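Colleague: Need a 3D model of the following:
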Amino acid sequence: GYNTALFGKWHLGDVEGRLPTDQGFDQWFGVKNTSDEAGYSSTAQFDTSIVPLPYIWEGEKGKPSRKVKPFNLESRKTIDREIVERSEAFIAKQAHSDKPFFAYVALTQVHPPLGYHPDFINASRKGMYSDILMELDYNIGRILDALSKAEVAENTIVILSGDNGAVTDGIGGGSTGPWRGGFTGYEGGLRTVGIVRWPEKIKAGRVSDEIFSTLDWMPTLASLIGEEKRIPADRPIDGIDQSAFIKGSQDNSDREHILFYIGDDLFAVKWRSFKIHLKTNETLWSPVQTYLFPPVYDVANDPGEDNNLMKFNLFAHSWVYVPMGQILKEKGESMKKYRNINPGEVFSGY
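Modeller: Just a heads-up that it's a prediction; the model follows:
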């Protein structure tokens, strides 16, 4: 097996039994939930009898996690530096181990409340947001340098990604480029950076607009390292093995569609280059809109999702509802046969 560590944001359960060291990691350091919590204690009426004071935590497998220090606006400035330093130490140590390693480095930038290391105050001379981007770039560079210094860079898979598109409201910067909306069901909320480096196996410089989901990393990584037999066969797996696509042995992704949820609600279905919106919200703060006839966009030709094809030639594209219906039918049947596992449930199989 692998030596494993998580450094940074977790946000997949904040009680014992649901922490990183309960979910396969040997060690962890970071925050149980979200960077939002760094701002809690600075608000005028924050009450620890209602909401516990947020902390930065650390832990090892088999032991209760322990508090490191309060997570507030001051510690928010330096947490990414600490994440990087611990990651560097982990890489250096694991380079001399007989076992391979997996490090999940979840940096907190860029995310409100905005705050950054003092080394980057006015570093860009373009304002806080640009300073934060410089810090983020610097921290990623340190991780890559740590791999080179440990002489494991050539045979280490590095993935750089994010969990959602840019949220520009009230943050002083950021952009979704030509795509509409951030943190919504539009392309600006769906799309994020996706870069993979593996010098020994993956040719550098390839760029693709094919569909690839975060869900695909688990089966893809298992296949890339020759451990696809470890993928559970007793349940549906949402991810698709994209190893052939990643290695460049084929130009096309093996994923043709993706379902996009906000909370428990299905907002959009993307099939090929078509995007069908069952619900929409224009910003974080706007109401949710539902439709009698869900709008359809061709994001290859209309990345801003401005031209509803259902209005163009009046329903000529209503046939696109057919593959969407088939996708949702198959998913519904699968969810009925294989019920969702409840959070915290000890799952013994179907």
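Colleague: what ranges do the helices span in the stretch 51-200 of the chain?
Modeller: Using DSSP state H, counting those that start in this stretch, the helices found in the stretch 51-200 of the chain span residues 73-76, 79-94, 128-149, 187-190.
Colleague: ok, how many other residues are close to residue 155?
Modeller: Neighbour count for residue 155, taken as other C-beta atoms under 10 Å: 12. The way it works is simple: take the backbone N, C-alpha and C, and place the C-beta from them, glycine included.
Colleague: confidence score at the closest residue to it other than its chain neighbours?
Modeller: Leaving out its chain neighbours, the residue that sits closest to residue 155 by C-beta to C-beta, 6 or more residues apart in numbering is residue 200, at 5.2 Å. We have a pLDDT of 86 for residue 200.
Colleague: All further residue positions should be reported with the first residue as 115.
Modeller: Renumbered: residue one is now 115, and that last one reads residue 314.
Colleague: Look up how far residue 361 lies from residue 314.
Modeller: 11 Å (C-beta to C-beta, to the nearest Å).
Colleague: Outline the domain layout of this protein.
Modeller: The chain breaks down into these domains under automatic domain parsing: 117-361, 371-451.
Colleague: can you tell me which of those domains comes nearest to residue 464?
Modeller: domain 117-361 (6.0 Å; C-beta to C-beta).
Colleague: about what we covered before: of residue 314 and residue 361, which one has the most company?
Modeller: residue 361 (17 against 9).
Colleague: From what I see, the more buried one and residue 310 are in contact.
Modeller: No: assessed by C-beta atoms under 8 Å, residue 361 is found out of contact with residue 310, at 9.9 Å.
Colleague: what residues are shared contacts of the two?
Modeller: residue 316 (C-beta atoms under 8 Å, 6 or more residues apart in numbering).
Colleague: low pLDDT regions in the stretch 365-464 of the chain?
Modeller: Scanning the stretch 365-464 of the chain for pLDDT under 70 picks out no residues.
Colleague: need the helices for it, in chain order.
Modeller: Under DSSP H, counting those that start in this stretch, the stretch 365-464 of the chain gives helices at 435-451.
Colleague: List the residues that contact residue 227.
Modeller: Counted by C-beta under 8 Å, 6+ apart, residue 227 has contacts 149-150, 152-153, 156, 187, 190.
Colleague: Distance-wise, check residue 150 relative to residue 299.
Modeller: Distance, residue 150 to residue 299, by C-beta to C-beta: 21 Å.
Colleague: and the two most separated of the contacts of residue 227?
Modeller: 149 and 156 (13.2 Å).
Colleague: Tell me which of the two has more neighbours.
Modeller: residue 149 (24 against 12).
Colleague: tally of neighbours for residue 267?
Modeller: Residue 267: 18 neighbours (other C-beta under 10 Å).
Colleague: Grab the nearest non-local neighbour of it.
Modeller: Nearest non-adjacent residue to residue 267, counting by C-beta to C-beta, 6+ apart: residue 261, 4.1 Å away.
Colleague: Secondary structure element holding residue 334?
Modeller: helix 331-338 (DSSP states H and E).
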